[in-house]
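1. Pasting a predicted model and its sequence here:
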Amino acid sequence: LVGTTWSQTLVSEEAAAIAYLEEYDKLTADIHYQYTEAGWIYETNITDETLANMTDWSLKLSDFNYREAKNASRFDMSKINNQNITRLLGKVMDIGTAAFPDTVKLRKISDLEGEMAGIYSTAKGCINATTCLPLEPDLVNIIANSRHYEELAAAWKGWRDASGKKMKHLYPEYVNLLNEAIKFEGKFEDMGDYYRSDYESPTFESDVRALFQELAPLYENLHAYVRRKLRQHYGADKFPTTGHIPAHILGNMWAQDWTNVYDILAPYPNKGSNYTITRMYKVAEDFFTSIGLNKMPPLFWENSMLVKPVDRDVFCHASAWDFGNKRDFRIKQCTSLTDEQLLTVHHEMGHIIYYLAYQDLPYLYRDGANPGFHEGMADIVTLSFQTPEHLKKIGFLDDVPAQNEGDINFLLRMALSKVAFLPFGYLIDQWRWSVFRGDTLPDSYNEKWWDLRCDFQGIFPPVKRTNADFDPGAKFHVPGGVPYISYFVSFVAQFQWHKALCKVANISGPLHRCDIYNNTMAGTRLNDMLKMGSARPWGEAMLKITNGTDGQTNKLSAAPLLEYFSPLLKWLQHNNRKYNETLGWDKKKCPNVPSANGLSGNSRIQNIGFLITAIFALFI
Ligand SMILES: CC(=O)N[C@@H](CC(=O)O)C(=O)NC[C@H](CC1(C(=O)N[C@@H](Cc2ccc(O)cc2)C(=O)O)CCCC1)C(=O)O
Ligand SMILES: [Zn+2]
């Protein structure tokens, strides 16, 4: 090194880092392949052995991450000017709970997660004394298709008794261990803080809160309309004066998507569905290739699990898998022949298209620009695919409904999934972040959950809840440890992208009628963003896709979503005024939910009244 100049010294630190990262790239791809395969084997064949094997591999991966984070910390970042190299080194060292040296506790976390996810995926909800059914497709179909209040309540309660209630005792330790592990390095306040760090923004939490508040009026108008129509159908006696809607009559086990009760809300030409499972996947693939994106690679068709096996327990919750070797990409889905499932097929394949778009990046960058971007990409084609014109093109709809009432009908149907979802997509991590912060302790898990459900969604539980219940556990992503705010971010971002792509594609007319099918200009613009992966902070990816359009920005914006639904909002406001429907609900009262000290407001008063009467009776 004699006579090495200062800049050469710089180069040598950087050169060493580059050499290290090249070696790391191969090692990490190899071990991630093993880890992903072990996860796949477990989820497509749930047994004690496959769970143990998956846990072993998740610990091997933690060890690998721990070791490589130590190696990467060896480099002196102040001597490296190249931002790309320092970003990559930073990602090698961003290993979350794997930085925790207590491998016994790390194994316990993995065991708890495996046990809770196992309870969830094998649970059978009893709808009466003799009949107990799995969630998919049986209970899901009852909630989607039954129009009997009590039958719906039985399926709703049965599922929660068999899933959440059975894992309530496991969640507190799971939370404490995750917090202990993530706090070890001193970089994060708690596990929620670590989850939010994926968005690389100190204002992320307040940004999403502002977006949610901006979207609330649209949701409240939809809620008021739907409540009136459901009240007509089920009878006013089922609807409390607080203004809430019973949680189990909205067509979805979690009241997160209301499209299944569309028939009660408005007449709509029924869909032809002379479809097969394989055709559903071919139709989805055709959409992506029509805009110039990739088709599914050969191994996709060989290795995917597209139908529920009859001979073993599996995770039916649909998912897309990237095995990180540029060849093996799979979908696992218990596919059934419904239009909701056809949307899920497009969703899961959207993830695969993202994997394919960034497959040549360094492994560390093979990710969504942020988790919401991956979900937004998964959903974006459904904004085009569901237009009546498109459904007719592919033989899923007999004829296109006439312009104006067809428009409102179509917008209402889209709102039942895209607007109805917003408070739900927002509230799951509000609950989870408050649990990780220690603001919500085990004895008020369920009460806090229903506070948020009642406050943000304007729904209430049809069956009285007790603190023995653990309703958050009845939603896959809670026992699965899967963050959820990504979906709220996705539902905002996908309308920004839809608006931008329709502009780039020179498609005029209202946003909700735009279909980018067959438009390679839109596809190219989308792909330009996808192939960035997580190489740059996500604001640059947002700018990449919106560049040159009137929605150009590097931030999340609710404006395109509000623009898309503005014709519907006007119609809803008119309709709610016409029936002088009071908007909203009592955000501080939740029917059927006892408050923290075990007594709800009104029952506390009743009890005191009872006490006074009893004492008075003594003196008579
Ligand atoms: C290996 C792995 O885990 N891979 C990730 C993908 C990745 O990160 O690479 C993955 O496949 N995650 C599974 C998850 C599945 C679904 C889901 O859970 N959806 C949410 C919210 C929602 C609701 C309506 C909607 O239109 C879109 C989303 C729910 O159902 O509550 C269920 C069917 C739809 C999407 C998914 O695909 O996002
Ligand atoms: Zn997804």
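-> Nice, thanks for sending it over. Ligands and ions are numbered 1, 2, ... in the order given.

2. what sits against the closest residue to ligand 1 within the chain?
-> Across the chain, the shortest distance to ligand 1 (CB to the nearest ligand atom) belongs to Ser319, at 3.2 Å. (Each C-beta comes from the backbone N, C-alpha and C, glycine too.) Applying CB atoms under 8 Å, 6 or more residues apart in numbering, we find Ser319 in contact with 43, 331-333, 348.

3. what helix or strand does Arg330 sit in?
-> Secondary structure assignment for Arg330, by DSSP states H and E: strand 329-332.

4. What mean pLDDT does that strand get?
-> Mean per-residue pLDDT for strand 329-332: 98.

5. sorry, back to before: could you point out the member of the contacts of Ser319 that lies closest to ligand 2?
-> Relative to ligand 2, the closest of the contacts of Ser319 is Glu348; by CB to the ion it sits at 7.0 Å.

6. Does the closest one touch Ala378 like I think?
-> Yes. The pair Glu348 / Ala378 is scored as a contact, 7.0 Å apart, by CB atoms under 8 Å.

7. Find residues that contact each of these two.
-> Common contact partners of Glu348 and Ala378 (CB under 8 Å, 6+ apart): Ala320.

8. Next, format the contacts of Ser319 as TSV and append neighbour count.
-> Below are these laid out as TSV (neighbours: other CB atoms under 10 Å):
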residue	neighbour count
Glu43	21
Ile331	24
Lys332	21
Gln333	25
Glu348	23
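
9. How about the residues of the stretch 151-300 of the chain by ligand 1?
-> By CB under 6 Å from any ligand atom, the residues of the stretch 151-300 of the chain that approach ligand 1 are 256-257.

10. the helices in the stretch 151-300 of the chain, which residues?
-> Using DSSP state H, counting those that start in this stretch, the helices of the stretch 151-300 of the chain run over residues 164-167, 171-183, 191-196, 204-234, 262-265, 277-290, 298-303.

11. out of these, nearest to ligand 2?
-> In terms of CB to the ion, the element of these nearest to ligand 2 is helix 277-290, at 13.6 Å.

12. Which residues in that closest one does the neighbour count mark as buried?
-> Buried residues in helix 277-290, counted by 16 or more other CB atoms under 10 Å: 280-281, 283-285, 287-288, 290.

13. With stretch 303-313 instead?
-> For stretch 303-313, by 16+ other CB under 10 Å, it's 303-306, 313.

14. contact partners of that stretch?
-> Where contact means CB under 8 Å, 6+ apart, the residues beyond stretch 303-313 that reach it are 44-47, 121-122, 136-137, 277-278, 281, 314, 316, 328, 330-335.

15. That one near ligand 1 anywhere?
-> No. Against ligand 1, stretch 303-313 shows no contacts by CB under 6 Å from any ligand atom, the least distance being 12.1 Å.

16. same question for that stretch, mean pLDDT?
-> The average of the pLDDT scores along stretch 303-313 is 96.

17. Look at it and report the distance between its end residues.
-> Distance across stretch 303-313, first residue to last, is 18 Å (CA to CA, to the nearest Å).

18. Run the chain-centre distance for that stretch.
-> Taking CA atoms, centre = their mean, to the nearest Å, the mean C-alpha location of stretch 303-313 is offset from the chain mean by 23 Å.

19. Stretch 100-119 too?
-> Offset of stretch 100-119 from its chain centre (CA atoms, centre = their mean): 22 Å.

20. buried ones in that stretch?
-> If you call a residue buried by 16+ other CB under 10 Å, then stretch 100-119 has these buried ones: 100, 105-106, 109-110, 112-114, 116-119.

21. Show me what that stretch is in contact with.
-> Stretch 100-119 is contacted by residues 42, 46, 51, 54-55, 58-59, 62-63, 66, 97-98, 163, 166-167, 170-171, 173-174, 177-178, 180-182, 184-185, 315, 473, 479-481 when judged by CB under 8 Å, 6+ apart.

22. If anything else comes up later, I'll come back, but that's it for now.
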